[in-house]
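*Asks:* Sequence and computational prediction follow.
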Amino acid sequence: MASSQALAHNAELDTGAEFDAVIIGAGVSGLYQLYTLRELGLAVRVFETGTCVGGTWYWNRYPGARFDSESWTYGYSFSPELLEEWNWAEHFASQPETERYLNYVADKFDLRRDIQFGSRVTAAHYRDELRRWEITLEDGRQYRARFLVTAIGVLSAATMPTIAGVETFTGQSCHTHHWPKAGVDVTGKRVGIIGTGATAVQTIQEVAKTVGSLTVFQRTPNWCAPLHNDTIDEEEMGRIRARYPEIFARCRETAGCFIHAPDPRATHEVTPEEREAFFEKLYAEPGFGIWQGNFRDILVDREANALISDFVARKIRQRVTDPAVAEKLIPKNHGFGTRRVPLETRYYEVYNQPNVTLVDVNETPIERITPSGIKTSDAEHEFDIIIYATGFDAITGSFDRIDIRGVDGVPLRDRWRAGPQTYLGILVEGFPNMLMVMGPHAGLGNFPRAAEYSVEWVTGLIRFARERGLTRVECTAEGVATWTDHVLATGEGLLMNEIDSWMTGVNRNVEGKQTRKIMRYSGGHPAFREHCDAVAAQGYRTLALA
C-alpha cells in the first residue's frame with residue numbers, strides 16, 4: 001500500500017479514540033494477534049510505523065535477505081485453508097516472497113481495515129483511574145484501550161555505529177534495516193560495508209556479484225554454515241503440504257521450534273571417524289541442522305564445542321584461498337553455535353574475488369567517516385556507497401524507544417535498567433493490561449512457531465478476563481521473582497551465555513548495554529509452553545486480577 005493510500009486509509013479508520021485492545025506492530029505477531037482478538041469480537045486497532053504489513057519483512061529489503069528457517073515451517077499454521085492455498089517458491093524464502101505472503105494473509109483475512117499505517121507510537125501511559133492505556137502517536141493523536149499488546153519484534157530497533165562523521169559522507173549510505181524501497185544500485189560502484197553479522201553476510205554475498213569493488217570492515221567474525229537453498233516445484237510442494245501436520249508437530253517438540261533436534265549422542269560417544277562423517281553430513285545439509293541438530297553436548301561442553309569449531313574452521317580454510325584472510329574470518333573469541341549461526345551461500349568465496357578486501361578493525365580501527373569514505377588508522381578508503389550492517393538493539397531496544405509508563409508513571413526502561421524482569425515473558429509488574437508477544441524472557445526460536453503460541457496465550461488471558469468482567473490484569477512481584485530466577489537457572493551451563501552477543505543483551509553501539517544479561521528463556525520451547533499452560537489451566541491464579 002503506497003504512503004498516500006495509507007494516509008487515506010488512516011483517515012477512514014480514525015473515527016474514535018476508544019478500543020478494547022491496541023496492538024503495536026503489524027508484523028508476523030501483530031497480524032495474528034489482530035486476527036485472534038477480532039475472533040473474540042473485540043474492537044481492535046493496530047498501529048504500524050510502516051506503510052504496509054510485514055514488520056521485519058517490510059523493513060529489511062537489503063540484498064540477499066531471506067529465511068534461515070525452512071519456509072514451510074515459517075508460515076502460519078492456524079488456517080488449513082491458508083496452508084492449502086499458499087505455495088512456497090524456495091525452501092528458504094527471500095524477503096520479497098515473504099512480504100508477498102504476509103500481504104496475502106492480510107488480504108485473505110481482511111486485516112487492513114483495523115490497521116493504521118504510517119503511525120509510530122511514541123508513548124503509552126497507563127491510567128490507573130480508568131484502567132486503560134493511553135497511546136500517543138508521533139503526530140500527537142491519542143487513543144485509549146483496555147489492553148495494550150506489544151508485537152514490536154525482537155530485532156526491530158536498528159543501531160548505527162558510534163563513529164564520528166557519519167553525517168558528513170557525501171555519497172549514498174544506509175543501514176540495512178532501512179534499505180530504500182527503490183533499492184540501491186551497486187553495479188560497478190566502490191562499496192564499503194561495516195559489519196559481518198548475519199545481515200551483513202547475506203548482503204555481502206549478494207552485492208559482491210556486481211560491485212566495482214567491495215571493502216568489508218570486520219570487528220568480530222561469525223561462524224557461518226552453508227544454507228543449501230533450492231527451489232520448490234509443484235510436486236514437492238504437494239508433498240510438503242501433505243506433511244504439514246507432521247512438520248508442525250515436529251516443531252512443537254524441539255527446543256527452538258525448528259525441524260532440527262539435537263542428536264541423542266554426546267560428541268565423545270562416537271569414534272573420531274564417525275564424528276567427522278556426522279559433521280560432514282550436517283555441513284552438506286540445508287538449514288540449521290549443523291547448529292540445532294548436532295551432538296547434544298556441543299553447546300554445553302567446551303571440548304565438544306572445540307571439536308565442531310575446529311571442523312568449521314577447517315572448512316573456512318578450504319574455501320578461502322588466502323590463508324591470512326581465512327584466519328581473519330575464523331572467530332577466536334567464541335565457539336561455533338554460541339552465537340546465532342548465519343547461514344550463507346558462497347559467502348567465504350567472496351573473499352577470493354580480486355575486487356574484495358577485508359579490513360580487520362581490531363588491527364586498524366575506524367577513526368571516522370569522511371565526506372569521501374572511511375578513514376582507518378592506516379588508510380583512507382574512498383567509496384560511492386557505505387552500507388551500515390551494524391545490527392539491532394535487540395529484544396528490549398524496541399521497548400526502550402517508546403515512552404511506556406505504568407502505574408504511578410514509572411517508565412518501563414527504568415524498571416528494566418538492571419535487566420528485563422517479566423512474568424512468562426508476557427507481563428510486567430506495575431504495567432497492568434500490557435501483554436507482550438515475544439517479550440524478554442520468552443521462549444524464542446523459529447519465530448512464527450513461537451509467536452503463534454505467545455499470541456494464543458495472550459488471547460486466552462484476554463478471553464478469560466472478558467468473560468468474567470475483569471478490567472485489570474497484572475502479574476505479581478512474587479511471580480516475577482520466581483520466573484526471573486527460573487529463567488536465570490535455565491541459562492546456567494550454556495556456553496552462549498558466556499559470550500557477548502545480541503542474545504545476551506550486549507551492543508557496543510548502545511549506551512548501558514555493555515554488560516551481559518539473560519534476555520531469553522533458555523529451557524526450550526516445550527518447557528516454556530508447559531509453564532505457561534499450567535498458569536492458564538489453574539485459572540491464572542498466579543496473576544492479580546480485578
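*Replies:* That came through, no problem. Residues are numbered from 1 along each chain as shown.
*Asks:* those helices in the stretch 351-500 of the chain, which residues are they?
*Replies:* Counting by DSSP state H, counting those that start in this stretch, one finds helices in the stretch 351-500 of the chain at the ranges 397-400, 412-415, 447-467, 477-490.
*Asks:* buried ones in the third one?
*Replies:* Of the residues in helix 447-467, those buried by neighbour count under the rule 16 or more other Cβ atoms under 10 Å are 447-466. All C-beta spots, glycine's among them, are computed from the backbone N, C-alpha and C.
*Asks:* Touching, A306 and T338? I think so.
*Replies:* No - at 11.4 Å, A306 does not count as touching T338 under the criterion of Cβ atoms under 8 Å.
*Asks:* Looking at the two, which is more packed in?
*Replies:* T338 (23 against 14; other Cβ atoms under 10 Å).
*Asks:* so what's the more buried one up against?
*Replies:* 299, 305, 495-496, 498-499, 501 (Cβ atoms under 8 Å, 6 or more residues apart in numbering).
*Asks:* how about the strands in the stretch 201-350 of the chain?
*Replies:* For the stretch 201-350 of the chain, the strands defined by DSSP state E, counting those that start in this stretch occupy 213-218, 225-226, 343-344.
*Asks:* Using TSV, lay out these together with mean pLDDT, mean neighbour count and distance to W179.
*Replies:* Shown next, in TSV, are these (pLDDT from 0 to 100; neighbours: other Cβ atoms under 10 Å; distance: least, Cβ to Cβ, whole Å):
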stretch	mean pLDDT	mean neighbour count	distance to W179
strand 213-218	98	22	17
strand 225-226	98	21	24
strand 343-344	98	23	19
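*Asks:* a markdown table for these, including distance to A249?
*Replies:* Formatted as a markdown table, those follow (distance: least, Cβ to Cβ, whole Å):
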| stretch | distance to A249 |
| --- | --- |
| strand 213-218 | 41 |
| strand 225-226 | 26 |
| strand 343-344 | 24 |
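*Asks:* Can you pull out the low-pLDDT segments for this structure?
*Replies:* For the chain, applying pLDDT under 70 flags the ranges 1-16, 393-395, 500-517.
*Asks:* Quick check: longest strand in it by residues?
*Replies:* Under DSSP state E, the strand in the chain containing the largest number of residues is strand 142-150.
*Asks:* Give the buried residues for it.
*Replies:* Buried, per 16+ other Cβ under 10 Å, within strand 142-150: 143-150.
*Asks:* list the contacts for R472?
*Replies:* Contacts of R472 (Cβ under 8 Å, 6+ apart): 131, 432-433, 544-546.
*Asks:* again, only using 7 Å
*Replies:* Contacts for R472 were tallied using Cβ atoms under 7 Å, 6 or more residues apart in numbering; they are 131, 432-433, 546.
*Asks:* Can you select the buried ones from those in PyMOL?
*Replies:* The buried residues among the contacts of R472 can be selected in PyMOL (16+ other Cβ under 10 Å) with this line:
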select buried, resi 432+433
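*Asks:* Using TSV, lay out the contacts of R472 together with distance to D20.
*Replies:* Output for the contacts of R472, formatted as TSV (distance: Cβ to Cβ, whole Å):
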residue	distance to D20
R131	12
P432	15
N433	11
A546	17
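*Asks:* and D263, how many neighbours does it have?
*Replies:* 18.
*Asks:* isn't it right up against I298?
*Replies:* No - contact criterion Cβ atoms under 7 Å: D263 and I298 do not qualify, at 9.3 Å.
*Asks:* Where does R45 sit: helix, strand or coil?
*Replies:* Three-state assignment for R45 (DSSP: H, G, I helix; E, B strand; the rest coil): strand.
*Asks:* excluding its backbone neighbours, what's nearest it?
*Replies:* Among residues not flanking R45 along the chain, F19 sits closest, at 4.9 Å (Cβ to Cβ, 6 or more residues apart in numbering).
*Asks:* Remind me what whichever strand or helix holds that neighbour packs against, helices and strands.
*Replies:* Taking DSSP states H and E as the definition, F19 sits inside strand 18-24. Counting contacts by 3 or more Cβ pairs under 7 Å, 6 or more residues apart in numbering; DSSP states H and E, strand 18-24 is packed against helix 28-39, strand 44-47, strand 142-150.
*Asks:* okay, the angle between that strand and strand 142-150?
*Replies:* 50 degrees (axes from the mean of the first three to the mean of the last three Cα atoms, to 10 degrees).
*Asks:* Touching strand 18-24 from outside, list them.
*Replies:* For strand 18-24, using Cβ under 7 Å, 6+ apart, the contacting residues are 30, 33-34, 37, 42-47, 121, 133, 135, 143-152.
*Asks:* in its sheet, what does that strand sit against?
*Replies:* According to DSSP bridges, strand 18-24 has the following sheet partners: strand 44-47 (parallel), strand 142-150 (parallel).
*Asks:* Can you lay out these as TSV showing distance to K328?
*Replies:* Shown next, in TSV, are the strands paired with strand 18-24 (distance: least, Cβ to Cβ, whole Å):
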stretch	distance to K328
strand 44-47	44
strand 142-150	40
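*Asks:* Most widely separated two among the buried residues of strand 142-150?
*Replies:* R144 and T150 (16.3 Å; Cβ to Cβ).
*Asks:* Can you give me every residue that contacts I316?
*Replies:* I316 touches 326, 329-330, 348, counting by Cβ under 7 Å, 6+ apart.
*Asks:* What distance do you get for it to G391?
*Replies:* As judged by Cβ to Cβ, to the nearest Å, I316 and G391 stand 22 Å apart.
*Asks:* before we move on, the earlier item: go through the helices and strands packed on strand 18-24 and name the closest to E246.
*Replies:* Judged by Cβ to Cβ, the one of the helices and strands packed on strand 18-24 that comes nearest to E246 is helix 28-39, at 21.9 Å.
*Asks:* Quick one: distance of the closest one to the chain centre.
*Replies:* In terms of Cα atoms, centre = their mean, to the nearest Å, the centre of helix 28-39 is set 19 Å apart from its chain centre.
*Asks:* packing partners for that helix?
*Replies:* Using 3+ Cβ pairs under 7 Å, 6+ apart, helix 28-39 is in contact with strand 18-24, strand 44-47, helix 95-108, helix 447-467.
*Asks:* Next, the angle helix 95-108 makes with it.
*Replies:* Using the same axes, to 10 degrees: helix 28-39 against helix 95-108 is 10 degrees.
*Asks:* Would you mark the buried spots in helix 28-39?
*Replies:* 28-38.
*Asks:* sorry, back to before: burial count for the residue nearest to R45?
*Replies:* 23.
*Asks:* and it, how far is that from A43?
*Replies:* Applying Cβ to Cβ to F19 and A43 gives a distance of 5 Å.
*Asks:* Equivalent analysis for H91, please.
*Replies:* 40 Å.
*Asks:* Those two: which is more packed in?
*Replies:* H91 (21 against 15).
*Asks:* which residues touch the residue nearest to G171 when sequence neighbours are not counted?
*Replies:* If the residues on either side of it in the chain are set aside, G171 comes closest to D384, at 5.0 Å by Cβ to Cβ, 6+ apart. D384 makes contact with 171-172, 189-191, according to Cβ under 7 Å, 6+ apart.
*Asks:* Pipe these into JSON lines and attach neighbour count per row.
*Replies:* Conversion of those to JSON lines gives the following (neighbours: other Cβ atoms under 10 Å):
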{"residue": "G171", "neighbour count": "16"}
{"residue": "Q172", "neighbour count": "16"}
{"residue": "K189", "neighbour count": "18"}
{"residue": "R190", "neighbour count": "20"}
{"residue": "V191", "neighbour count": "27"}
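*Asks:* Contacts made by the longest strand of the chain with the rest, please.
*Replies:* With Cβ under 7 Å, 6+ apart, strand 142-150 has contacts from 17-24, 33, 45, 124, 132-136, 433-437, 439, 458, 462, 471.
*Asks:* Export only the CA atoms of it, formatted as CSV.
*Replies:* The C-alpha trace of strand 142-150 is given here as CSV (Å, rounded to 0.1, in the frame of the first residue of the first chain):
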residue,chain,number,x,y,z
GLN,A,142,-4.1,9.9,21.2
TYR,A,143,-6.2,6.7,21.7
ARG,A,144,-7.3,4.7,24.7
ALA,A,145,-7.6,0.9,25.1
ARG,A,146,-8.3,-1.5,27.9
PHE,A,147,-5.4,-3.8,26.7
LEU,A,148,-2.1,-2.9,25.2
VAL,A,149,-0.4,-5.7,23.2
THR,A,150,3.2,-5.1,22.1
